[in-house]
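Trainee: my questions are about this predicted structure, shown below with the sequence.
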Amino acid sequence: GYLPNPANMTTTLAAITARAATQRRCLASLAVKASAAEISSSGNHDSPSRHAGVGVMPSGATEILITTPAKSSDVPTTRTLGLGGRCPLACIPMPPARHSHTFAYPSASRNFSSTAASSGADDSNLCHDRPPVTSFSDDELMVRDLCRQWGDEVLRPVVRDMDEEGRTHPEIIQGLFDCGLMGMEIPEEHGGSGMNFTSALLAVEELSRVDPSVSIMVDIHNTLSNNAVRFWGSPDLQAKWLPRLATDTVSSFALSEAGSGSDAFAMKTTATASDDGCHYTINGEKLWISNAREAGVFLLFANAKPEDGYRGITAFMVDATTEGISVGKPEHKLGLRASSTCPVTFENVRVDASDVVGNVGEGYKYCIQILNEGRIGIGAQQVGIAKGCLDVAMPYLMERKQFGKAIGDFQGMQHQYAQVATELYAAELMVYNAARMKEQGLPFVKEASMAKLYASQVAEKAASKSIEWLGGIGFTRDILAEKFYRDCKVGSIYEGTSNIQLQTIAKAMQNETTSSGYKK
């Protein structure tokens, strides 16, 4: 498969985002220059209108076809571009085609019909309207390939050492920043990569195939902390933190406490406002806080109005160097040992009112919304773990011989790895379907819970089976199978236990059920 030039590896995302800026500038002009035939092939026979020199497709249209040469020496190729509406890839650049993937996504309001297909009419463009969920843009694929190469060449040689030492090496963390992987969705004007949610998930998945301890740092940082500041932070707060989050500052999501796990809103940490309202004093202790040891900033949830119950919960961006913060000894965990998980104590920690994320008393809303996205990220991590297990086990099955043939050729073995691969494929589809729904602005809470629930189950099965397939060597620490087995278990615990996911799914199903049936 395609791999970027190693010499340019650390600037790959910068090149991608530069092309993205160029594409955005050109997108409108491409629309107005589209030929009538191209517009017709997208399913709309009207002409594009012009407003102040900007081409606008008629109502309901979300894509055009443009014909460009893949390279100067190539014959022209036709590809689909998303335009406006809810198309999540409308601003994704279109570099010279290397892959036969199509990736224009219809708007949420677009109606589809099987009439054309059933009547024998031309259905050659149906694939452009409804591409495979795992059909990725060239830039998404480039992110995946970058992470795959960096994971194999830089991360893999130190995985076992970091697991034994119980820490992530500083050069690995710096490498994540250098590759642009810690600011995936942060806009370019704030120093980020300006990529989409799916790109962030692909990065998490690929890193998880090598070391889930590193991928969870990337996942929490991108899908929770960065996005909370992007979505609800004031312009000043964004200007203060987004450039640092994209370039050199690890973040930590500080929510859980001794008495508030699944019941997250039972927290006891308080944020007391000063008489003039200019600052808050925070007191309390958080437990099970990932990235705590490396964090330069905490996305902290505390109750600013305890008398209002959970409606007093407020989110703060708290500089880790603020006086009164102490990070405790990391937990000695079963898995994800290189990822720090520590108690964090806040004792009379003073923060400015300007450090509040969004509105006072609305932190519980932000927490729920951001964790819904985070669950898709955990699903991607679990998919990556399952793929990592197959990376280890499948070559062994093809090479190890018993009774005169490869053990992977025995029917009993074939059925087992075929079953795992099938379930893994289903989990992957669930994860990236939830991601595309999120990108299009569609409701995705149920789908996110389903993706996390099922992907964690598949990862556990793949990890357990791979050790069985590997036999005695799988039970040793000579290869990574046993580490994946330890690492995957937390997938059914953090960012919402499996029982919480089942409860969320059940509630959604109840809302989708009427007296006449299940309306989904």
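Mentor: On my side now, so go ahead. Residues are numbered from 1 along each chain as shown.
Trainee: mind checking pLDDT for residue 36?
Mentor: At residue 36, the pLDDT value in this model is 41.
Trainee: er, residue 265 I mean
Mentor: According to the model, residue 265 carries a pLDDT of 86.
Trainee: where does the stretch 51-200 of the chain have low pLDDT?
Mentor: Across the stretch 51-200 of the chain, the ranges flagged by pLDDT under 70 are 51-129.
Trainee: which residues of the stretch 201-350 of the chain score low on pLDDT?
Mentor: Low-confidence segments of the stretch 201-350 of the chain, defined by pLDDT under 70: none present.
Trainee: all strands for it, in order.
Mentor: Counting by DSSP state E, counting those that start in this stretch, the segments of the stretch 201-350 of the chain that form strands are 251-254, 270-273, 279-290, 297-303, 313-319, 325-327, 341-352.
Trainee: hang on, residue 518 packs against residue 508?
Mentor: No: counting by CB atoms under 8 Å, residue 518 does not reach residue 508; the two are 11.1 Å apart. From N, CA and C alone the C-beta is placed, and that goes for glycine too.
Trainee: which one's more surrounded, the two?
Mentor: Neighbours were counted for residue 518 and for residue 508 using other CB atoms under 10 Å; residue 508 has more, 17 against 9.
Trainee: how about the nearest residue to that one once chain neighbours are set aside, what does it touch?
Mentor: Spatial nearest neighbour of residue 508, chain neighbours left out: residue 446 (3.8 Å); criterion: CB to CB, 6 or more residues apart in numbering. Residues in contact with residue 446 (CB atoms under 8 Å, 6 or more residues apart in numbering) are 504, 505, 508, 509.
Trainee: just give me the longest helix of the chain.
Mentor: Identified as the longest helix of the chain according to DSSP state H is helix 363-399.
Trainee: buried stuff in that helix?
Mentor: Judged by neighbour count (16 or more other CB atoms under 10 Å), helix 363-399 contains these buried residues: 363-367, 370-393, 396-397.
Trainee: next one: stretch 131-138
Mentor: Buried, per 16+ other CB under 10 Å, within stretch 131-138: 131, 133, 135, 136, 137, 138.
Trainee: closest one to residue 166 out of those, please.
Mentor: residue 136 (34.8 Å; CB to CB).
Trainee: that closest one touches residue 144, doesn't it?
Mentor: Yes: Residue 136 is in contact with residue 144 according to CB under 8 Å; the separation is 7.1 Å.
Trainee: which strands or helices does whichever strand or helix holds residue 173 pack on?
Mentor: In this structure, residue 173 sits in helix 170-178 according to DSSP states H and E. In terms of contacts (3 or more CB pairs under 8 Å, 6 or more residues apart in numbering; DSSP states H and E), helix 170-178 is packed against helix 212-219.
Trainee: for the helix it packs on, name the packing helices and strands.
Mentor: By 3+ CB pairs under 8 Å, 6+ apart, helix 212-219 packs against helix 170-178, helix 197-208, helix 363-399, helix 481-488.
Trainee: picking up where we left off before, overlap in contacts of residue 136 and residue 144?
Mentor: residue 202.
Trainee: okay, which residue is most central for the chain?
Mentor: Closest residue to the average C-alpha location of the chain: residue 201 at 3.1 Å, with CA atoms, centre = their mean.
Trainee: quick one: residue 188 from residue 386, how far?
Mentor: Using CB to CB, to the nearest Å, residue 188 is found at 33 Å from residue 386.
Trainee: end to end, how far does stretch 156-176 reach?
Mentor: Length of stretch 156-176, first residue to last, CA to CA, to the nearest Å: 14 Å.
Trainee: tell me the buried residues in it?
Mentor: Under 16+ other CB under 10 Å, the buried positions of stretch 156-176 are 158, 159, 160, 162, 163, 166, 167, 168, 172, 173, 175, 176.
Trainee: which SS state does the fourth one fall under?
Mentor: Secondary structure, DSSP: H, G, I helix; E, B strand; the rest coil: residue 162 is helix.
Trainee: which residues does stretch 415-428 contact?
Mentor: By CB under 8 Å, 6+ apart, stretch 415-428 touches 134, 379, 382-383, 386-387, 390, 393-394, 397, 408, 451, 454-455, 458-459, 461-462, 465, 469.
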